[in-house]
Structure formats: structure tokens, C-alpha cells
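Trainee: compute the structure for the input listed below.
(one chain, ligands or ions: 1)
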Amino acid sequence: MPTSRKLSARLMQLQELFSRNEDWLIVINADPDAMAAAMALKRIMSHRVRKVTIARINEISRPDNLAMIRYLRISMLPLSDCLKNQATRFAMVDSQPHHNPAFEGIPFSIVIDHHPTSPEHPVEAVYTDIRPKYGAVSTLMTEYLRGFGIRPGIRLATALQYGIRTDTATFTRAGTENDLRAYQYLAAHGDTGLLTRITRSEYLPQWLKYFARAFSSMHQCGNWAYCYLGDVESPDILVLIADFFTRVHGLKWVGVCGVYKETVVVIFRGDGHLDLGAFAASRFGSLGNAGGHRALARAEFPLAATEGRSVDVFVFRKLTDRPQKKKEEENRGRGEGTL
Ligand SMILES: [Mn+2]
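Mentor: Model (predicted):
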């Protein structure tokens, strides 16, 4: 087949780069796809070069990424000058050198990616393979493994599965048949139990107190709910809690409010029944920034706008107050969510 012949020609070219007296550093912006692809490249390089190390330029805080590292025992170090000095050759997967200042000045010999290329930033490396049509670079690396005749071990296969799942949002985002085919192949080698554990690691223990606050403050008003969390360490917590409530059957939408650095933030999530972007704008637009899409919206305004009143009550009133002209006709106490 023409495609497989093309691939093996590429792989020959890649293989020619490997020599037993060189130490490679694979540099990544660590997310599931990048980590899995780096593991695959490391696997391909092992026994072909002297040493392979994976270095990340970013901190990892997402619980699923932490779970992936832990359960799949991914060994990875933060990128440092020391690591750079120790290495003789550099590779990059799931990024291009211009994507991050941390990559600057590193003479990459290998760049394997699936992000679109930009004419202003041509990628200069001895070996480049950039396939913007692929949903995940893990898919491409799975094809590489197969091309090299390497059967992935349980942890590598599971990592690649998770990489593909994440980047294609479990095949709901632009992906290709190649992604599905690679996933199917990996399923025979990966561990479903491990994959489930990683996928389900959505929360960090220190976030649980916010759930307690959400449940104890929750007002359920028919088919919608409101929670107030008080001061939060990041607005992301509000998103997390709001997303959680979208899983509760029968709730059409939820508003989760908190205060972050003198700013009141309200996160809206719904089933698209009510246009939450328009709703948020109508209730909070005059106080700050408010809007979004039908199913996801956000409002932000300075704490000072509450003029010392309880934020909890202030926001709840804004949510329940009917606009003047609609008030009378809706006074029957029904028709929630008709805006
Ligand atoms: Mn990717």
C-alpha cells in the first residue's frame, strides 16, 4: 500500500537519527496527548540511543493529568538548563518550537506534531512530521509504533488511549478515522480499569470543601439551582462545581457564584433550554461583563457593586427578579426560564 511504504520511508529517516552515543531530551508542554506521545517516542528510541529523558516546560495541576502520571508511572522532569546541557539531541512532540518561549534556543532535531503550521514560523528540524488533520499526536505515534513493529505495553497503550480521548474530546471534536483506528488497536493492549481511574480523577481533595459549601448553600428553584461558595482560590472552582451540577438529572440550569479577588463571578451551566448567555447579560450586563453561549455563560462584576450587601442574596435576587415588563404577565409564579 502506498501509505505504508511512505510511512516506512519516513521511519527509516527517523531511525537514521538515532545513535548509541547520544543522549536525547524530549521536551513537551505536558498534557495527556503530549505525555503519551513522548512515552511512545521514548519507547521507539530506547535501545537505539544511549539515554532518553522527558522534560516538561509546564507545571501540572489538573487531577486527571496527575492521575495519568501516577498510575502510568510516567517519568518526567521539569526542563532545566542542567537537563539541556546534559543532552546532545532534542526532540519535541505535540508542539512546535514557536509555541512557547520556553522552547526558544533549543536546537530540535525532531518535531512531531498535529497543530496547524504557520507560514511565519516554518519548523526547522532534521526530522519533522506535522499532521494537522490528526485529532491527536498520540494517533500518529501509535502508527509509528506499529510501523516499527513495537507492541505497546499496558501503560504506554493506556497513555496513548487517554491522549487520543483527551484531544478528540472522546471523538466528539474534529478527529479522523485514523484516531478511531489507533484507539481501537490500543484498546487491545491498554488497561480499561486504569483508563477509567484516570478519566474519573476529576477533583483534588482540597476542592472537596467547595462541594460542601455548594451543597449547603444550594437553593433549588424548580428546575434550576443556585449556589454560593464565598471566597474561592480560583474561578475555575466555580466552573468545576457548575459542571458537576449539569450531571444532576432534572436540573435545567445552575448558577454558581463566588468571590475572587474583589470580583464577583457567576458561572452558568445548562442544557441549552434557556439561553444562559442572554440571561446572564440581561441580569448582570450593567454591572460588569456578562454573556456567553446558550449552555455556558459567565458574569463578572466588581464586589463594590453590591454596596456592602450580602453577595449571596444580591446575586440570588438578580437571578430571580423578573424584568419589569414581563413581571405582571408572569406573576402567576410559573414560566421560569422563558427569557
Ligand atoms: Mn495534542
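
Trainee: quick check, residue 20 in a strand?
Mentor: No. Judged by DSSP: H, G, I helix; E, B strand; the rest coil, residue 20 forms no part of a strand; its state is coil.

Trainee: was I right about it contacting residue 49?
Mentor: Yes. The pair residue 20 and residue 49 qualifies as a contact (Cβ atoms under 8 Å) at a distance of 6.4 Å. C-beta: built from backbone N, CA, C; applies to glycine.

Trainee: settle it for me: which of those two has more neighbours?
Mentor: residue 49 (19 against 9; other Cβ atoms under 10 Å).

Trainee: which SS class is that one?
Mentor: coil.

Trainee: now do the contacts for it.
Mentor: Counting by Cβ atoms under 8 Å, 6 or more residues apart in numbering, residue 49 makes contact with 18, 19, 20, 22, 23, 24, 89.

Trainee: same check on residue 35?
Mentor: Residue 35 touches 28, 54, 65, 68, 69, 74, 76, 159, 163, counting by Cβ under 8 Å, 6+ apart.

Trainee: how much space separates it from the ion?
Mentor: To the ion, residue 35 is 10 Å away according to Cβ to the ion, to the nearest Å.

Trainee: any idea which element that residue lies in?
Mentor: Following DSSP states H and E, one finds residue 35 within helix 32-45.

Trainee: could you export that helix as PDB, CA atoms only?
Mentor: C-alpha atoms of helix 32-45 as PDB (Å, rounded to 0.1, in the frame of the first residue of the first chain):
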ATOM      1  CA  PRO A  32      -2.200  13.800  28.200                       C
ATOM      2  CA  ASP A  33      -1.500  13.800  24.400                       C
ATOM      3  CA  ALA A  34       2.000  15.200  24.800                       C
ATOM      4  CA  MET A  35       2.900  12.900  27.600                       C
ATOM      5  CA  ALA A  36       1.700   9.800  25.800                       C
ATOM      6  CA  ALA A  37       3.400  10.800  22.600                       C
ATOM      7  CA  ALA A  38       6.600  11.400  24.500                       C
ATOM      8  CA  MET A  39       6.400   8.000  26.100                       C
ATOM      9  CA  ALA A  40       5.900   6.400  22.700                       C
ATOM     10  CA  LEU A  41       8.900   8.300  21.200                       C
ATOM     11  CA  LYS A  42      11.000   7.300  24.200                       C
ATOM     12  CA  ARG A  43       9.900   3.700  23.600                       C
ATOM     13  CA  ILE A  44      10.900   3.900  20.000                       C
ATOM     14  CA  MET A  45      14.300   5.400  20.900                       C
END
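
Trainee: show residues contacting the next helix or strand after that helix.
Mentor: As assigned by DSSP H and E, the chain's next helix or strand after helix 32-45 is strand 51-56. By Cβ under 8 Å, 6+ apart, the list of residues contacting strand 51-56 from outside reads 23-30, 35, 38-39, 41-42, 45-46, 74-80, 83, 86-87.

Trainee: filter those down to the buried ones, PyMOL style.
Mentor: The PyMOL command for the buried members of the contacts of strand 51-56 (criterion: 16 or more other Cβ atoms under 10 Å) is given here:
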select buried, resi 24+25+26+27+28+29+30+35+38+39+41+42+45+74+76+79+83+87
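
Trainee: in strands, which of the contacts of strand 51-56 fall?
Mentor: 23, 24, 25, 26, 27, 28, 77, 78 (DSSP state E).

Trainee: dump the residue contacts of the residue of the chain found nearest the ion.
Mentor: Nearest residue of the chain to the ion (Cβ to the ion) works out as residue 33 at 3.4 Å. Applying Cβ under 8 Å, 6+ apart, we find residue 33 in contact with 94, 136, 137, 138, 163, 164, 166, 167.

Trainee: nearest residue to the last one in space, please, no chain neighbours.
Mentor: Pointing back at residue 167 there. Leaving aside its sequence neighbours, residue 167 sits nearest to residue 136 (Cβ to Cβ, 6 or more residues apart in numbering; 3.8 Å).

Trainee: count of residues packed around the one you found?
Mentor: Residue 136 has 31 nearby residues by other Cβ under 10 Å.

Trainee: next, give phi and psi for residue 232.
Mentor: For residue 232, the backbone dihedrals (degrees, to the nearest 10) come out as phi -120, psi 150.
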